[in-house]
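> sequence? don't have it. structure:
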């Protein structure tokens, strides 16, 4: 995975959110009926493996007030927030879709769970405030030493060489 791949993933995610092909849900990445939150759409377009689980989830954005047991999809180890793989593959700041520290925008999870439609979320993503810069992403995910292979997570080992 390179930062150029991350940029392509972002374009595909924003396009998927704008496409009208996904039904929106709240409080969980994806329900068994196929409805997704904005981060669940990201998991879907990345083609991540998923398993069906029963989970106790909130029926409304007011956490803990009204809960239900529902069958939902879990991506890797997560059913409520972005798995680490999605954070990496989209270059997000965190698993709830935080912005960089200089912004006071709501998290993507908060936007999704409090009524923002996918189109509005895609517009917010297009500002770039939710995405890490190339420098920050490469610093976090790649520790380049030309003499040694590099681990980029999930057991993947690659070799990198600097290019001028």
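Here it is on my side, so go on. On a predicted model such as this, the values are computed, not experimentally measured, just so you know. Numbers count the residues shown, from 1 in each chain.
> Report the mean per-residue pLDDT for stretch 114-129.
What stretch 114-129 shows for mean pLDDT is 95.
> distance between the ends of it?
One end of stretch 114-129 sits 19 Å from the other (C-alpha to C-alpha, to the nearest Å).
> do stretch 36-56 as well
Per C-alpha to C-alpha, stretch 36-56 runs 16 Å from first to last residue.
> Quick one: mean pLDDT for it?
95.
> Measure how far that stretch is from the centre of its chain, please.
Using C-alpha atoms, centre = their mean, to the nearest Å, the mean C-alpha position of stretch 36-56 is found 10 Å from that of the whole chain.
> try stretch 115-124
With C-alpha atoms, centre = their mean, you get 14 Å for stretch 115-124.
> Equivalent analysis for stretch 29-48, please.
10 Å.
> Could you check how far residue 74 is from residue 54?
10 Å (C-beta to C-beta, to the nearest Å). For every residue, glycine as well, the C-beta is placed using N, CA and C.
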